[in-house]
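S.K.: Sequence and predicted model, in that order:
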Amino acid sequence: MKTLEILPSWRSLLKRAGLSTFEALWRVEGLPFKRKPDREILLLEVSGRKLFLKRYFRFGLWEFRCGAESEWWAARELLREGFSVPEPVAFGIERNLRPKRALSLFCEARGRRLEDLFREDPESFRGVLPVLINTAARFHALGFSHQDFYLCHLFWDGERLTLIDLQRVRRARKPRARWIIKDLAELFYSARNVLGEGAEEFEALFLEGYFREHPWLNTPSVLNKLEKKIRRIAAHDAKLKARAG
């Protein structure tokens, strides 16, 4: 059984482009952007707008909620809470008992990746930091966790901070320290890679503002766990790079 959900504002646009069915989106040719073992990402253009199409084709034996479905849920959940995410366009899935094929279609995020912005101008983090702190603190206060909270997944357009790659986002009824530590460790690990020595000031200023919203996390135990998690991420990343040659 195949289903395709299209946001109302995009239905006529996709229909005119011949992309209003699951099979049409599955077979459309686009500019290859990235390919992973479980999915491929293509860049399309519809009515002058750049769109990213993710097609999922490999699923775990007991996987009932695939990445496309998770990202679709997360985007709409975050929009309801007032966060900026890439505009969702369509979500489709083919399943019997388990997913067989799935896809998601989102508009390109506005702005630039913080990773690129900070690498080009290391001092630019100062202008972004207040919004980044507010976004992260409220995101976590609402029980969310990104699980890939790296600078490359945060886009800045001069006013708004947009969260991308939402397929691993999860939510609990209340904030969970372990989830938050993971997100912050990912953020700080990527900042250290991009900012070098400047990351020390970035982290200090970030935590100063963040702990005003989450004082319960400002403990030696949490800070120790955060540093350990950063080291584990670094070790894992080093292994992946060595394996890739």
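M.R.: It's in.
S.K.: use CA for all of it now, contacts and neighbours both
M.R.: Fine.
S.K.: Please report phi then psi for Arg173.
M.R.: phi -70, psi -30 (degrees, to the nearest 10).
S.K.: and the closest residue to it other than its chain neighbours, backbone torsions?
M.R.: With CA to CA, 6 or more residues apart in numbering as the criterion, Arg173 has its nearest non-adjacent residue at 5.8 Å, and that residue is Gly143. The phi/psi pair for Gly143 (degrees, to the nearest 10) reads phi 90, psi 10.
S.K.: in this protein, which ranges drop under the pLDDT threshold?
M.R.: Scanning the chain for pLDDT under 70 picks out 60-64, 97, 245.
S.K.: tell me the strands in it, going along the chain?
M.R.: 2-6, 31-36, 39-46, 49-56, 88-95, 99-107, 112-113, 144-145, 154-156, 161-163, 170-171 (DSSP state E).
S.K.: can I get these in a markdown table with mean neighbour count and distance to Tyr210?
M.R.: Below are the strands of the chain laid out as a markdown table (neighbours: other CA atoms under 10 Å; distance: least, CA to CA, whole Å):
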| stretch | mean neighbour count | distance to Tyr210 |
| --- | --- | --- |
| strand 2-6 | 16 | 37 |
| strand 31-36 | 12 | 34 |
| strand 39-46 | 17 | 34 |
| strand 49-56 | 21 | 32 |
| strand 88-95 | 20 | 29 |
| strand 99-107 | 23 | 30 |
| strand 112-113 | 20 | 21 |
| strand 144-145 | 24 | 15 |
| strand 154-156 | 21 | 17 |
| strand 161-163 | 22 | 16 |
| strand 170-171 | 16 | 19 |
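S.K.: Now render the ones you listed as TSV, adding distance to Pro220.
M.R.: Formatted as TSV, those follow (distance: least, CA to CA, whole Å):
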stretch	distance to Pro220
strand 2-6	47
strand 31-36	39
strand 39-46	40
strand 49-56	41
strand 88-95	40
strand 99-107	41
strand 112-113	32
strand 144-145	22
strand 154-156	28
strand 161-163	29
strand 170-171	26
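S.K.: Can you say which of the ones you listed is nearest to Trp216?
M.R.: strand 144-145 (16.8 Å; CA to CA).
S.K.: so what strands line up beside that closest one?
M.R.: Each strand that pairs with strand 144-145, with its direction, by DSSP bridges: strand 170-171 (antiparallel).
S.K.: hmm, back to that, of all the strands of the chain, which lies closest to Asn224?
M.R.: From the strands of the chain, taking CA to CA, the stretch that ends up closest is strand 144-145, at 19.7 Å.
S.K.: chain center to stretch 76-88, what's the gap?
M.R.: In this view, stretch 76-88 has its centroid 12 Å away from the chain centroid, taken as CA atoms, centre = their mean, to the nearest Å.
S.K.: residues in contact with Glu71?
M.R.: For Glu71, the contacting residues are 104, 165-169, by CA atoms under 8 Å, 6 or more residues apart in numbering.
S.K.: So for the residue most central in space within the chain, what's the nearest residue that isn't a sequence neighbour?
M.R.: The chain has Asp165 as the residue nearest its centroid, 2.8 Å off, counting by CA atoms, centre = their mean. Leaving aside its sequence neighbours, Asp165 sits nearest to His153 (CA to CA, 6+ apart; 6.4 Å).
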